[in-house]
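# Just a sequence and a predicted model for now, questions to come.
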Amino acid sequence: MKSKIVGRLSLLLLVLELLLVFVSWLLSATMTEGVRPLLSDEGVRWLCGHFVDIVLSPVLVWILVVSMAVGCLVKSRLPLAFVRRAVYRERIAWRVTWIVFFLYAVIVVLMVVLPQAVLLSSTGQLWPSPFSRAVIPLISFGGILMAVCYGGLSRTFTSLSDVTDSLSWGIAQSAPLLILYILGVQLYQSLLFVFA
């Protein structure tokens with residue numbers, strides 16, 4: 001079901017991109033002002049030369065790090081600790097995990113609230129600042145830290161390869177989202193190129 005929806009959305013985005021190519025060519029042929037065709041020399045150079053710049057954005061990094069965190073959390077079985085009765089080892093793992101998360105949160109807060117905090121901007125502002133640009137990766141890293149701690153102590157993760165497998169499993173689960181992101185951002189940037 002999910003793959004059918006992703007396939008249909010991908011096809012829709014591709015059709016819209018092709019339609020934009022045709023409409024931009026048609027509008028430029030009718031001498032409409034303010035329209036740059038994607039089939040012109042400039043348009044083809046832009047499509048080929050800026051593809052990496054278009055796709056490479058903070059959103060792509062956010063998708064990747066959130067996917068890794070979700071994969072690690074799911075594979076560590078940490079979310080199940082909220083809903084099921086835990087055995088002794090899992091209860092100990094649960095308590096230690098919360099202590100580790102609390103310490104991590106304190107460290108992040110200290111890097112923001114202290115005078116001369118390293119994650120504030122040069123003017124002392126929280127927004128925009130290194131903290132505001134890194135908030136999604138910081139949350140994701142916190143989730144990964146909790147999952148690895150819980151998984152290691154509860155013996156869900158028995159080796160380093162279990163941890164890396166869980167991280168890559170998360171990315172594999174988000175692969176359809178990555179496809180939609182690439183097609184969607186390309187269409188959006190193409191619209192900006194044609195009509196800006």
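Sure thing, it's come through.
# Distance check, residue 156 against residue 172.
19 Å (Cβ to Cβ, to the nearest Å). The way it works is simple: take the backbone N, C-alpha and C, and place the C-beta from them, glycine included.
# Could you check which of the two is surrounded by more residues?
residue 156 (19 against 12; other Cβ atoms under 10 Å).
# so that one touches residue 74, yeah?
No - under the criterion of Cβ atoms under 8 Å, residue 156 is not in contact with residue 74, lying 10.5 Å apart.
# distance of residue 195 from residue 135?
Distance from residue 195 to residue 135, by Cβ to Cβ: 32 Å.
# Of those two, give the one with the bigger neighbour count.
residue 135 (16 against 12).
# Ramachandran coordinates for residue 117?
Note on residue 117: backbone dihedrals following degrees, to the nearest 10 are phi -60, psi 140.
# packing partners for the longest helix along the chain?
When the chain is parsed with DSSP state H, its longest helix is helix 2-29. Under the contact definition 3 or more Cβ pairs under 8 Å, 6 or more residues apart in numbering; DSSP states H and E, helix 2-29 sits against helix 175-195.
# roughly how far out does the helix it packs on sit from the chain middle?
Distance of helix 175-195 from its chain centroid, counting by Cα atoms, centre = their mean, to the nearest Å, is 15 Å.
# Report the angle between it and helix 2-29.
Here helix 175-195 runs at an angle of 10 degrees relative to helix 2-29 (axes from the mean of the first three to the mean of the last three Cα atoms, to 10 degrees).
# Contacts for the helix or strand that comes right after the longest helix of the chain next, please.
Of the helices and strands lying after helix 2-29 in sequence (DSSP states H and E), the nearest is helix 41-49. The contact list for helix 41-49 (Cβ atoms under 8 Å, 6 or more residues apart in numbering) reads 24, 36, 37, 38, 190, 193, 194.
# Closest to residue 164 out of the residues you listed?
residue 190 (36.5 Å; Cβ to Cβ).
# ok, for that closest one, nearest residue in space, not its chain neighbours?
residue 20 (5.5 Å; Cβ to Cβ, 6 or more residues apart in numbering).
# residues in contact with that neighbour?
38, 187, 190, 191, 194.
# Next: residue 191.
With contacts defined as Cβ under 8 Å, 6+ apart, the neighbours of residue 191 are residue 20.
# distance of it from residue 35?
11 Å.
# what's the answer for residue 98, then?
57 Å.
# any idea which residue sits dead centre in the chain?
With distances taken as Cα atoms, centre = their mean, the residue of the chain nearest its centroid is residue 63 (1.4 Å).
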